[in-house]
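Asks: The following block contains a protein sequence and its predicted model.
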Protein chains: 6
Amino acid sequence: MPLRTDGRAADQMRRVSVTPDYLLTAEGSALIEFGHTRVLCTASVEESVPAFKRNSGEGWVTAEYSMLPRATSTRTPREVTKGRASGRTLEIQRLIGRSMRAIVDLKKLGERSIFLDCDVLQADGGTRTAAITGAMVALGIAVGKLSSAKLVPPGVLRDTVAAVSVGIVGGAPMLDLCYAEDSSAEVDMNVVLTGAGQYVELQSTAEQVPFDDAQLAAMIALARKGIGELTAMQRQYVSL
Amino acid sequence: MPLRTDGRAADQMRRVSVTPDYLLTAEGSALIEFGHTRVLCTASVEESVPAFKRNSGEGWVTAEYSMLPRATSTRTPREVTKGRASGRTLEIQRLIGRSMRAIVDLKKLGERSIFLDCDVLQADGGTRTAAITGAMVALGIAVGKLSSAKLVPPGVLRDTVAAVSVGIVGGAPMLDLCYAEDSSAEVDMNVVLTGAGQYVELQSTAEQVPFDDAQLAAMIALARKGIGELTAMQRQYVSL
Amino acid sequence: MPLRTDGRAADQMRRVSVTPDYLLTAEGSALIEFGHTRVLCTASVEESVPAFKRNSGEGWVTAEYSMLPRATSTRTPREVTKGRASGRTLEIQRLIGRSMRAIVDLKKLGERSIFLDCDVLQADGGTRTAAITGAMVALGIAVGKLSSAKLVPPGVLRDTVAAVSVGIVGGAPMLDLCYAEDSSAEVDMNVVLTGAGQYVELQSTAEQVPFDDAQLAAMIALARKGIGELTAMQRQYVSL
Amino acid sequence: MPLRTDGRAADQMRRVSVTPDYLLTAEGSALIEFGHTRVLCTASVEESVPAFKRNSGEGWVTAEYSMLPRATSTRTPREVTKGRASGRTLEIQRLIGRSMRAIVDLKKLGERSIFLDCDVLQADGGTRTAAITGAMVALGIAVGKLSSAKLVPPGVLRDTVAAVSVGIVGGAPMLDLCYAEDSSAEVDMNVVLTGAGQYVELQSTAEQVPFDDAQLAAMIALARKGIGELTAMQRQYVSL
Amino acid sequence: MPLRTDGRAADQMRRVSVTPDYLLTAEGSALIEFGHTRVLCTASVEESVPAFKRNSGEGWVTAEYSMLPRATSTRTPREVTKGRASGRTLEIQRLIGRSMRAIVDLKKLGERSIFLDCDVLQADGGTRTAAITGAMVALGIAVGKLSSAKLVPPGVLRDTVAAVSVGIVGGAPMLDLCYAEDSSAEVDMNVVLTGAGQYVELQSTAEQVPFDDAQLAAMIALARKGIGELTAMQRQYVSL
Amino acid sequence: MPLRTDGRAADQMRRVSVTPDYLLTAEGSALIEFGHTRVLCTASVEESVPAFKRNSGEGWVTAEYSMLPRATSTRTPREVTKGRASGRTLEIQRLIGRSMRAIVDLKKLGERSIFLDCDVLQADGGTRTAAITGAMVALGIAVGKLSSAKLVPPGVLRDTVAAVSVGIVGGAPMLDLCYAEDSSAEVDMNVVLTGAGQYVELQSTAEQVPFDDAQLAAMIALARKGIGELTAMQRQYVSL
C-alpha cells in the first residue's frame, strides 16, 4: 500500500477547517483550510447585474481567484505586474463561477450579482477545490442574510456544492493531493459534486501517462468519499 | 429517439474532412472540417526551447488557438483590440498543448519546439475538438519531415491523439454537437483519447442540470465511437 | 530585360483568383489569391455606428487586418501576445478603411456600419493590395444583399476600388511584387484606383535609393495596367 | 475634548496585535492588526538583485502592496482587471520600500534581494502605516534567519522603523485615524520614524484646510507617542 | 559654508522666469524655468466633470505630468512604450492635483473641470515644484478668462499656491536643489505653501540618513523664504 | 484665385523658423515652427543598436512622435492613458524614421543608434512635415558633433531631407496646409524630398474625391517649390 508523504491513508482527506465570518466587511466570508492550504473566500452582493442579464429578471454569480505572491514556497510575481491574469487563474475562476451557478436559482436571486473572491493565503495543493468548498460557505452566509432580510424568497440555493482533487500517484489512486503528491501525479482530477451527489464538473488530465476506465472509476469513488465529508461540514454553516 | 437539427443519428459524427499541407509556408499544416466548423492547423518547428527546458535535452510542444472575427454568425471583436486573450481562448490552447504533449516523447524530439497554431475560420460547435484532431495531423506531418531529414530518431510520436465533444441534449446523449445543440445542452463534455483508446483529458460540465453515473457512461461510449473514426482518418496522414 | 524570380514579364500580374462567399457566417466574404498570397476577406454589417456618426444619418465603413502566425515562412508571434497591434498592422488597416470609404456613399448606406476583416492565411508579398481588392468583393456582396432586401437605396457603391503594388527592383519598374522582389526593391509603391481610374491612394517609399519623376511615371503606368485587370475581375462579383 | 467614534482618547492608538510567522511558506511573515485593519506582511529572500545593483556588492529591498477586493466595505475591483496598479498603490509601495531601505545596510545584506509583500485583508484606515510596521517584523524575522544561517554578518539592520498616521479631525489633532476619521480629516499625515526616533518620512497633506506650524508640531508629538509604542512591540520579535 | 555647484548661497533660489500665454491653443499656459529646469504648463477648461462629481454642483481640478524623453541628459524611453505611467509620474501628478485643489473653491468653479498639464521640456532638479508653481500661473490665467466672461463668480481662487524643494546636502540645508545636489542629498523635502504661508503639502524623505527636528526646522525656514519669492512672482500674472 | 484663410498665395509657405540647440541636454535639438505649428525635435546618440543590427557593422536611426495634450485647440488625452500609441502616431513616426534613414549612411555611422524625438508643442496642420524638417536639423547637429569628435568618418549624411504638405482645397492645389485647410481638403499629400530633389516618400490620399494625373502633377510642383525653400533653410545649420 502506497505511503503518503504525510502518513495519510490513500482515501483520507487532510484536516479541513473553516472560520466563518472571517471578515467584518463582507456579506459572507470564510477562511477555509485543507491541511496547509488556506484560502480566504468572500461573497459580495451588488444590486446590479452585467449587461447580458439586464432586464432578464435573473441575477448573476461570478468568481475571482488569486494567489498572494508568497502563498507558494518561492515567491510568484503578482499578475498585476504582467498586466493580466494567467491562463491558469482564468481557468480556475471560471470553474468556481460555473460550480456556484450550478446550485443557485438565478431567477429567485433576482436582478443582483454575487461575487465570490477566493484569495489563496498559503498553497499546498488543492487550492481550487478548497476555494470552491469555501466559496460555497461564504455564498451560503450571504444568501442567508438576504433571506433573513426578506430580500429573496426561499430556495435561492437549490443544493450545496463541494470539490476535491484526486489522482494517480505512483500507480495508486489517492484522495486530496497535497502539493508534493500533485506535482508527481500521473493523473490529476478535480471533481465537483452537489450535496445530493450529482456531477457538476469532472476534469481529468493525464499529466504523463494516459489512464483507463478502471482508474477513472477508482478516482471517482475516492472523490465521492471526500466530498461526502465536505458536504457534511458545509451544512453546519449553510441552510438550504 | 431524439431528432437532431441536421437529421443525424445520436451516435453519428458530422462529415469530417482534412486537407493536409494546406499551406506552403509551414512545416506541417492541415485544414480540418467537422461539418461547418473549419479550423486551419499549422505546426511550426523552431530550433530553440523556452527557458524552463534549456539544457534539459528535451524539447517542448505548445499550442495557440484563435477565432477569426467572422468565424461566428455575428462578428466577435479581435482579442488584440482588448489587449489580451480571453479566459476561454487560454483554456482551449492549454488543453490543445497538453493533449499533444501526452503523445510526444520530448526527449526524442530533442531541444527544439513545435508550435501548433489552430485558427478557426468558421465555427459551428466543436472547435476545440476539431483543433486537437487537426493539430495532430499537422504535428504528424511536421514530425515526419524531421524524421525524413534524420533530425530526430524514430518514435517521437508514441501514439496519435484525437478529440470529440459529446453532451446531453433534451435528455439524450449525443455525439459531436453542432453549435445549436451545444448551446442548448444540459451537459457538455470533451473527451481526448489516444489512438490506443486511453484517456488523455476528460472535461465534463453541467451547464444547467447535474448529471449521474449512467449519463457519464453513455457519453463516454459515444465519445469512444467518434474518436475511433477520427483516429482511422488521422492514420492516413500520420505514421507512427 | 529583367528576369523575375517566377519568370513573369515586368508588367505581368501573378495569377489572381477569387472564391466568393467562402464563409456561410458572414454577409459578404471572399478568399482572394495573388499568386501564393492568400487573404480571407469578410464584410460584416452591423445596425449601429460609432459615436462620432450617431444621429448623423450616415453610416461608417472600417477595416481590420491581421496575419495568421504561420502565414510567413518563419512563425510570427500573434499580436495579442504583445497586447497591441503593430504599427504596420494599424497602418494597413487604416489604408484599407480609407480605400473602401472612398467609393461608398455613407448617406445612402444609412446609420449602419460595415466591418471589413482581412486575414492573411499565407503571405508572399502584396498582402495589403490583395486585401483591398478582396475586401471590395466582400463589400460588394454584402451591399448587394442589403440592396436585395431593400434596406438601402441604389447607389451605395459609387464605383469599385482595387489596388496593386509596383516597385523598382534591380533598377527596373515591375508590377505586383512577390515577397522576394519586395524585400530587395529600391522603391516600393502601393496604388489604389477607382474603377474609373482615378487615384484614391498613392504611397511610394524609397527603401534605399531616392527616385525621380521618370521612375514615378513608369510605376504609375504599370499600376494602371494591373488595376485594370483587377477591376474587370471584381465586376464579375460586384454590381454597381 | 473631541469625542472619537470608537471612544479612544485623541492620543490613543487602536489595539495593535501581531501574529509572527503567520505563514509556513515565507522566510519571514507577520499578520498585523491596527484595530480592524489587518495586513498580511511577508518577507521573501531571493539570491539575486535587480540589474542596477548587479556586481555592486550590495543587496536590494523593495515592497509591494495590495488590497484584497473585499478588504473594504464595498467591493473594489482587482487592479489586475484594469491591467495596472493604481497611483495610490504605487505610491504606497514606494513608501514602504524606502522606509525599509532606510534601516537596512545593503552592503552587509550582500547581493541578494528582500521583497516585502503587504496584502491588506481588511481595511479600516492606516493600512500603509500598519504595512510598514508589520513589514518591519517580517523583515526582522527573515534577516534573523539569514543571520542564524551565517549568510550575513551582524548589523544588517541598523535600527527598526515604524509608522503611524495622525491628522486634524474637526479641528483637533488625533493619533492613528480609523477610516471614518480619515475620510473627514482636514489634514492627514503619515510619519515614519526609526527606533531611535529620527525621521525617515514625513508626508502631510491638507485635504481641505491648509495648516500651520502649531498644528504640525502637535501632529508630530502624537506620532512620536504612537511610534514609541509600536517600536516596543516590534522589539519583541526583531533583534538588532 | 557649503559651496554649491553653481556658486549660489545655501538660501538662494535659481533664476526663475515665466512666459505666460506660451500657447495660443490653451485657456491658460505658462512656460516656467527654475534655472535649467523648463516646464510647459497648460490649463484646459472642459464643461464636464468626472462621474463622482456629477450633479454635485461642484467642479474638479486635476493634473497630469510627463517628461519629454530627452528632458534628461540621457534619453528616457516614453512611458507609452511601456503602456503605463511610472509610479513616480503618478505620484507627482497626484501631488500637483491636490495642491491646486487646495486653493480652488470647487463650488464657485461650477460643474466644469480644469486639467493642468505639466510637461517637462528640460530637467535639472525640482521639476515637480516648478510644475506646481507654473501650473498655478496657467490656472490663474484660465480662471481669469472664465471670470472675465462672467462664467464664474469672484473668488474661485481662494489663494495662490507655490512649491520649492529643499534638502540636506553634505550635512547642510539648502534651497532649490539642482539635479547634481538632489542626487547626492541625504534628505530631500518638497514643500507646498499657500500665498498666506500655510502648509498644503510637506513631503520629506531620508534618502540615506534619518534626520532630526532641528534639520526639519532649518529646511522649513529655507522653503518659506523661497516660496515667498515665488508667490511674489506669481502675483504678477494671477489676480485673486 | 482661391482666398486662403491667412491671406497667403496658393504656392506660399507659412513663416518657417528654427531655433537650433534649443535644449542643453541633447546631442542635437531644434525647435521648428511652420506658422503656429511648433515641434521640438531632439537627436539622441546611443552607443548600442537594436538586436537585428548587432554585429552588422551598421548603425540605426529611428524616430518617435507625440503631441502634447494641449497642442490642439481642445485637449487630447495622453496616449499613455490608453496604454498604447494610436495608429496615426505609429504611422507618423515610421514615416519620420524612414525619411531620416534615406539620407544616412548606416555603415559610416557605425554600430550606434540615433533616436529622433519629435514632440508637438502646438499643432496647426503639417506637424509631420515640420517634424521631418526639424528632425533633419537636430540630426545634422548631432552628426556634426560626432564628426568633430572624430567618432565617425565624413559622409554619414549623404544629403538632407525635408517635407511639406500639399493638397486640393476647394478644387485648387495649395502648398503647406494649415489645420483649417487640411480638414476641408479633398486631397491631402505629403512629399519628402532629398536636398537634390529626389523622392523619398510620396503619400497622397483622396479624403473625399478621387484625383487625376493633372492634379497630382500640380501638387508635386507646389511641393518642390516649398521643399526648395526648406532645404535652403536647413543648410544654414547642417553641413554635409
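Replies: Noted; the coordinates are in hand.
Asks: report the angle between the axes of the helix or strand harbouring A:A223 and helix B:213-234?
Replies: Secondary structure from DSSP states H and E places A:A223 in helix A:213-234. Orientation check (axes from the mean of the first three to the mean of the last three CA atoms, to 10 degrees): helix A:213-234 against helix B:213-234 gives 140 degrees.
Asks: which residues make contact with helix A:213-234 from outside it?
Replies: If you take CB atoms under 8 Å, 6 or more residues apart in numbering or on different chains as the criterion, helix A:213-234 is touched by A:10-11, A:13, A:16, A:18, A:133, A:136-137, A:140, A:160, A:162-164, A:166-168, A:173-176, A:187, A:189, A:191, A:193, A:195, A:197, A:202, A:204, B:199, B:202, B:213, B:220. Backbone N, C-alpha and C define where each C-beta goes, glycine included.
Asks: Among the residues you listed, which lie within strands?
Replies: The strands, defined by DSSP state E, take in A:16, A:18, A:162-164, A:166-168, A:173-175, A:187, A:189, A:191, A:193, A:202, A:204, B:199, B:202 from the contacts of helix A:213-234.
Asks: who in chain A is up against chain E?
Replies: Contact residues, chain A versus chain E (CB under 8 Å from any CB of the partner chain): A:G83.
Asks: And the residue nearest the centre of chain A?
Replies: The centroid of chain A falls nearest to A:I132 when counting by CA atoms, centre = their mean (1.3 Å).
Asks: Next one: the closest residue to that residue other than its chain neighbours from F:A43, what distance?
Replies: Distances taken as CB to CB, 6 or more residues apart in numbering or on different chains place A:A163 nearest to A:I132, at 4.0 Å, with adjacent residues excluded. Plainly put, A:A163 is 61 Å away from F:A43 if you go by CB to CB, to the nearest Å.
Asks: Compute the number of surrounding residues for the closest residue to A:V191 other than its chain neighbours.
Replies: Residue nearest to A:V191 in three dimensions, not counting chain neighbours: A:A223, with 3.8 Å by CB to CB, 6+ apart. Per other CB atoms under 10 Å in any protein chain shown, the neighbour tally for A:A223 reads 25.
Asks: Show me what stretch A:10-24 is in contact with.
Replies: If you take CB under 8 Å, 6+ apart as the criterion, stretch A:10-24 is touched by A:1-2, A:4, A:6, A:8, A:28-35, A:37, A:40, A:42, A:133-134, A:137, A:141, A:164, A:172-176, A:178, A:222, A:225-226, A:229-230, A:233, A:237, D:36, D:70-71, D:121-122.
Asks: touching chain F at all, the lowest-mean-pLDDT helix or strand in chain A?
Replies: Lowest mean confidence among the helices and strands of chain A (mean pLDDT, DSSP states H and E): helix A:79-82, at a mean of 88. No. Helix A:79-82 lies out of reach of chain F by CB under 8 Å from any CB, never closer than 13.6 Å.
Asks: shouldn't the residue nearest to the centre of chain A be in contact with A:V191?
Replies: No. Counting by CB atoms under 8 Å, A:I132 stays clear of A:V191, with 10.3 Å between them.
Asks: Is it possible to mark the buried ones in the contacts of helix A:213-234?
Replies: Neighbour counting by 16 or more other CB atoms under 10 Å in any protein chain shown classes A:10, A:13, A:16, A:18, A:133, A:136-137, A:140, A:160, A:162-164, A:166-168, A:173-176, A:187, A:189, A:191, A:193, A:195, A:202, A:204, B:199, B:202, B:220 among those as buried.
Asks: and A:L121, what does it touch?
Replies: A:L31, A:R38, A:V39, A:L40, A:L68, A:A71, D:L23, D:L40 are the contacts of A:L121 under CB under 8 Å, 6+ apart.
Asks: between these, which is closest to chain F?
Replies: A:L68 (25.9 Å; CB to the nearest CB).
Asks: what about the closest one, how many neighbours?
Replies: 26.
Asks: Contact partners for it?
Replies: So A:L68 contacts A:D119, A:V120, A:L121, D:L40, D:T42, D:D117, D:D119 (CB under 8 Å, 6+ apart).
Asks: Near the spatially closest residue to A:R75 that is not a sequence neighbour, how many other residues are there?
Replies: Using CB to CB, 6+ apart and skipping the chain neighbours, the partner closest in space to A:R75 is D:S44 (4.1 Å). By the criterion of other CB under 10 Å, D:S44 has 21 neighbours.
Asks: now A:E186
Replies: A:E186: 17 neighbours (other CB under 10 Å).
Asks: Do you know the pLDDT at it?
Replies: A:E186 carries a pLDDT value of 94.
Asks: Ok, A:L3 next?
Replies: 64.
Asks: next one: the one 5 residues further on
Replies: What the model reports for A:R8 is a pLDDT of 95.
Asks: mind checking the SS state of it?
Replies: Recorded secondary structure, A:R8: coil (DSSP: H, G, I helix; E, B strand; the rest coil).
Asks: Can you tell me how far the closest residue to it other than its chain neighbours is from A:V238?
Replies: Spatial nearest neighbour of A:R8, chain neighbours left out: A:R14 (7.0 Å); criterion: CB to CB, 6+ apart. A:R14 is 21 Å from A:V238, where distance means CB to CB.
Asks: what about the one residue in chain A that gets nearest to chain E, how many neighbours?
Replies: Nearest residue of chain A to chain E (CB to the nearest CB) works out as A:G83 at 7.1 Å. Residues within reach of A:G83, counting by other CB under 10 Å, total 18.
Asks: Over to A:G228?
Replies: Other residues close to A:G228 by other CB under 10 Å number 14.
Asks: Tell me how far it lies from chain F.
Replies: A:G228 sits 49 Å away from chain F, going by CB to the nearest CB, to the nearest Å.
Asks: can you check A:L157 too?
Replies: 41 Å.
Asks: Show me the shaky parts of chain A.
Replies: A:1-3 (pLDDT under 70).
Asks: near chain B, which residues of it?
Replies: Residues of chain A lying close to chain B by CB under 8 Å from any CB are A:83-88, A:90-91, A:93-94, A:98, A:102, A:193-194, A:196, A:198-206, A:208, A:210-213, A:216, A:220.
Asks: who touches the residue nearest to the centre of chain A in this structure?
Replies: A:L95, A:I96, A:S99, A:M100, A:V161, A:A162, A:A163, A:V192.
Asks: ok and the residue in chain A nearest chain C?
Replies: A:G83 (7.0 Å).
Asks: Hmm, that residue is touching D:A85, no?
Replies: No. Judged on CB under 8 Å, A:G83 makes no contact with D:A85 at a distance of 9.8 Å.
Asks: Got the phi and psi for the residue lying farthest from the centre of chain A?
Replies: The centre of chain A is farthest from one residue, A:N55, which by CA atoms, centre = their mean lies 29.8 Å away. Here the main-chain torsion angles of A:N55 (degrees, to the nearest 10) amount to phi 60, psi 20.
Asks: Against A:S48, how distant is it?
Replies: In this view, A:N55 and A:S48 are 12 Å apart by CB to CB.
Asks: overlap in contacts of these two?
Replies: By CB under 8 Å, 6+ apart, A:N55 and A:S48 have no common neighbours.
Asks: Thank you kindly, that will do.
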